[in-house]
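# Return a 3D structure for these sequence lines:
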Amino acid sequence: MIPKVYTESIDLGDGRTITIETGKLAKQADGSAVIRMGNAMLLATVVSARQASDVDFLPLTVDYREKFAAAGRFPGGFFKREARPSNEEILTMRLVDRVLRPLFPKDYHAETQVMLQLMSHDENVMPDALAGLAASTVIQLSDIPFEYPISEVRVARIDGEFVVNPSREQLQESDIDIMIGASADSVAMVEGEFDEVSEQCMADAIRFGHEAIKKQIEAQVRLVAAVGKKETRTYEEENHDQAVEKKVHAFSYQTCYDIAKQGLSKKDRGEKFSELKGALLAEFSEEEQEEHGKLISKYFSKTQKEAVRELVLAEGIRLDGRETTDIRPIWCEVDYLPSTHGSSVFTRGETQALATVTLGTSREANIIDSPSNQGEETFYLHYNFPPFCTGEARPLRGTSRREVGHGNLAQRALKMVMPEESPYTVRVVSEVLESNGSSSMATVCAGTMALMDAGVQITSPVSGIAMGLISDGDRFAVLSDILGDEDHLGDMDFKVTGTDKGITACQMDIKIKGLSYEILIQALEQAREGRLHILEKLTDTIEVPADSIKAHAPKMINCRIPNEYIGPFIGPGGKEIQNLQRETSTTIVINEDPDTQEGIVEILGTDQEGIDQVLAKIDALTFKPEKDEVYKVKAIKILEFGAVVEYLEAPGNEVLLHISEMAWQRTNAVTDVVNVGDEFEVKYLGFDPRTRKDKVSLKALLEKPEGYVERPPRKGGGGGRDRRGGRDNRNRR
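Predicted structure coming up:
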């Protein structure tokens with residue numbers, strides 16, 4: 001039976017279209033669709049369990065995978081199949097998850113899985129920009145409870161003009177790369193990087209992207225109408241008990257308000273709230289606790305949240321006693337770790353990051369190999385969030401998606417100020433040692449100072465700040481430098497990084513509907529003031545990058561070598577280059593430049609003498625004397641008919657100084673003029689086609705003896721005899 005297929009198109013306004021199709025593939029899923037742009041095709045599906053899980057949250061999984069077959073390629077590695085997701089795939093999963101999750105009912109706890117798979121790749125299409133549209137479409141086509149459709153787009157700015165969903169090539173020319181997720185009414189998520197742009201420019205990019213999203217949502221609505229909207233499934237809702245909720249609120253609210261107003265530390269505040277919760281439980285009998293235990297805890301958290309939010313809105317006082325625009329106390333230190341190439345400690349309130357910098361060759365570049373993107377990064381940042389930083393003990397199970405996301409944000413923030421011409425591969429690692437609010441922004445600050453401490457010539461220092469928002473519809477407060485609790489109980493988590501010139505990166509998650517652009521602009525301006533305050537603390541600690549790298553850090557020299565010399569330099573089986581690395585204690589990497597037909601030689605070593613030896617070896621190998629130039633040589637071997645001499649500026653390059661070129665007078669024996677070890681100058685006469693060898697002369701630098709008569713050139717014959725077989729008369733006066 002031929003399936004009935006439904007299709008809708010989205011016109012991007014510049015000749016490109018996006019089509020969404022359903023009814024042909026994966027029909028056993030609760031919802032399925034194919035999203036196509038050019039030759040790029042994403043298969044999206046969603047399935048949600050009919051029974052709720054025994055948890056008090058939504059167990060939602062968003063999975064995005066790129067199939068190598070989509071690009072006509074084989075997976076790399078020993079096992080020729082796709083394995084764990086790449087960082088790029090994880091980042092796409094996070095972008096979609098952050099927009100979808102808040103739109104499921106708060107009491108919907110059924111296991112739900114959204115799967116997005118790149119089945120066909122187009123090099124002119126970046127598929128991650130289609131993932132949000134694909135996910136929302138399949139949910140709308142299902143009977144899963146969901147508030148309203150959303151979508152996501154990428155926005156770039158090229159030559160002052162905004163572009164929706166640019167190609168990777170176009171993105172190279174852009175000073176903005178921003179992903180926006182939104183509903184028809186409000187923006188829910190923003191993440192991107194910028195080339196030091198203004199706050200107004202960023203807001204304009206968000207507005208532009210939102211207009212494009214509205215068109216994609218309209219297409220989803222049309223498609224669902226054509227297919228026929230399914231009736232939303234019924235599910236087991238959470239139990240509620242108004243009497244219990246009223247009792248919890250009456251007992252706890254004012255005390256929660258008073259505790260929040262005391263401006264305590266995270267630990268002390270936690271102990272106070274725990275004591276209050278213990279007193280609250282004592283108000284219930286054992287039977288009531290057994291029956292309503294989960295509800296009591298839930299209502300207590302709700303009451304606590306209400307009290308803290310009201311304190312901010314009514315009195316402008318925050319959990320740690322600060323006002324809305326205050327930044328927590330900051331202290332910084334650089335060169336903390338003696339053996340690293342660069343290090344720093346950044347502490348802001350109860351958040352602390354220790355950053356290190358390591359310098360290496362192109363061999364240490366981070367290789368990117370995915371179906372939609374191949375290349376390498378010579379600057380990258382890794383972020384680690386161990387459990388002790390929040391006072392917890394839990395198993396370590398590899399790098400989490402959160403660590404990948406936070407590290408990517410910090411990397412994007414600092415990438416924009418890295419020097420264009422740098423011989424090094426640079427790796428920054430941030431170890432979060434304490435966390436109570438925005439460890440990713442602490443990573444940016446620590447990373448900036450560590451780079452400067454390492455002598456990396458960044459164009460400007462970068463600082464970062466996390467902003468929050470609390471609003472009840474009529475009143476609102478924008479919070480600078482939010483705590484972890486303020487992130488949890490607030491309506492916005494907005495991270496902004498930048499220099500004194502402008503924004504370099506941002507990440508924003510909005511939890512309320514209809515955030516106005518006026519509030520957004522206020523948050524951006526308040527964030528700018530906070531960033532500049534933090535930036536001043538950084539530059540008080542280290543004002544400019546160090547003039548040079550540390551003595552124990554590897555020095556890097558780049559030079560070029562013609563392609564024909566690469567083989568002799570490496571030697572058979574790599575013998576020559578391996579011996580040279582051992583002898584000089586250096587690391588040597590050779591990369592071919594296809595544009596110039598030359599090899600780029602990277603020499604890395606801590607000892608300048610070793611680097612100089614490698615350079616001397618290259619100079620010797622590629623040395624070509626110029627005709628009529630004078631060179632200093634050293635005699636290394638005496639022959640009957642001349643001396644073998646070595647160019648002192650190119651050790652290993654030898655040439656024969658013939659006995660006839662040693663003096664104007666007849667030379668009876670080579671040793672009458674030259675002995676082994678003698679150093680002197682010779683003139684390079686060029687290539688002699690008769691002997692097919694280079695020719696040098698000592699006598700050419702000497703004055704001719706008085707009365708010297710040049711011997712007439714021979715008319716024929718060789719070997720020093722005339723045509724009659726007799727010896728010619730050399731140097732006869």
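# Could you count how many residues lie near the nearest residue to residue 117 once chain neighbours are set aside?
In space, not counting the residues next to it along the chain, residue 117 is nearest to residue 43; the distance is 4.8 Å by CB to CB, 6 or more residues apart in numbering. Bear in mind the C-beta positions are built from the backbone N, C-alpha and C, glycine included. Taking other CB atoms under 10 Å as the criterion, the count of residues near residue 43 is 20.
# Hmm, residue 43 is touching residue 32, no?
Yes. Between residue 43 and residue 32 a contact is recorded at 7.3 Å, counting by CB atoms under 8 Å.
# between those two, what contacts are shared?
With contacts taken as CB atoms under 8 Å, 6 or more residues apart in numbering, the residues that reach both residue 43 and residue 32 are 25-26.
# What ranges does the stretch 101-250 of the chain have for its helices?
Secondary structure of the stretch 101-250 of the chain by DSSP state H, counting those that start in this stretch: the helices cover 131-141, 168-171, 199-227, 242-261.
# right, so of those, which gets closest to residue 373?
Nearest to residue 373 among those is helix 168-171; the distance by CB to CB comes to 7.0 Å.
# Can you give the distance from the closest one to the centre of its chain?
Mean-position distance between helix 168-171 and its chain equals 17 Å (CA atoms, centre = their mean, to the nearest Å).
# Show me what it packs onto, helices and strands only.
Secondary structure elements in contact with helix 168-171, counted by 3 or more CB pairs under 8 Å, 6 or more residues apart in numbering; DSSP states H and E, are strand 151-158.
# The strand it packs on - what's its average pLDDT?
What strand 151-158 shows for mean pLDDT is 97.
# Give me the secondary structure label for the residue nearest to residue 117.
Look at residue 43: counting by DSSP: H, G, I helix; E, B strand; the rest coil, its state is strand.
# that older thread, same list (the helices of the stretch 101-250 of the chain) but as TSV, adding mean pLDDT, mean neighbour count and distance to residue 150.
Formatted as TSV, the entries for the helices of the stretch 101-250 of the chain read as follows, by pLDDT from 0 to 100; neighbours: other CB atoms under 10 Å; distance: least, CB to CB, whole Å:
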stretch	mean pLDDT	mean neighbour count	distance to residue 150
helix 131-141	98	28	5
helix 168-171	93	13	23
helix 199-227	95	18	7
helix 242-261	94	17	31
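# now the ones you listed in CSV, with distance to residue 602?
Formatted as CSV, the helices of the stretch 101-250 of the chain follow (distance: least, CB to CB, whole Å):
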stretch, distance to residue 602
helix 131-141, 38
helix 168-171, 27
helix 199-227, 38
helix 242-261, 57
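# of all those helices, which lies closest to residue 299?
Shortest separation from residue 299 across those is recorded for helix 242-261, at 4.0 Å, computed as CB to CB.
# now what about that closest one, what contacts it?
So helix 242-261 is in contact with 269, 272-273, 276, 279-280, 283, 288, 292, 295-296, 299-300, 302-304, 306-308, 310-311, 315, 317, 319, going by CB under 8 Å, 6+ apart.
# Surely residue 305 and residue 491 touch.
No. In this structure, residue 305 is not within contact of residue 491 by CB under 8 Å, at 11.1 Å.
# Neighbour count for the two, which is higher?
A direct count of neighbours by other CB under 10 Å for residue 305 and residue 491 places residue 491 higher, at 19 against 15.
# which phi and psi does that one have?
The phi/psi pair for residue 491 (degrees, to the nearest 10) reads phi -110, psi 0.
# For residue 467, give me its contacts.
478-482, 492-496, 523, 526-527, 530.
# out of these, which are inside helices?
Secondary-structure check on the contacts of residue 467 using DSSP state H: residues within helices are 523, 526-527, 530.
# Quick one, which of those has the minimum pLDDT?
For these, the model is least confident at residue 523; its pLDDT is 90.
# Tell me which stretches of the stretch 301-450 of the chain form helices.
Taking DSSP H, counting those that start in this stretch as the criterion, the stretch 301-450 of the chain carries its helices at 401-415, 439-453.
# how about those, which one is nearest residue 164?
helix 401-415 (20.2 Å).
# Tell me which other helices or strands that closest one touches.
helix 87-100, strand 187-197, strand 379-384, strand 425-434, helix 439-453, strand 492-498, strand 503-510.
# Let's see that helix as CSV, backbone CA atoms only.
Output in CSV follows, covering the C-alpha atoms of helix 401-415 (Å, rounded to 0.1, in the frame of the first residue of the first chain):
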residue,chain,number,x,y,z
ARG,A,401,27.0,16.7,28.5
ARG,A,402,27.0,19.7,30.8
GLU,A,403,30.8,19.8,30.9
VAL,A,404,30.9,19.6,27.1
GLY,A,405,28.4,22.5,26.8
HIS,A,406,30.0,24.8,29.4
GLY,A,407,33.5,24.1,28.0
ASN,A,408,32.2,25.0,24.5
LEU,A,409,30.8,28.3,25.7
ALA,A,410,34.1,29.3,27.4
GLN,A,411,36.0,28.2,24.3
ARG,A,412,33.9,30.4,22.0
ALA,A,413,34.3,33.3,24.3
LEU,A,414,38.1,33.1,24.2
LYS,A,415,38.5,32.0,20.6
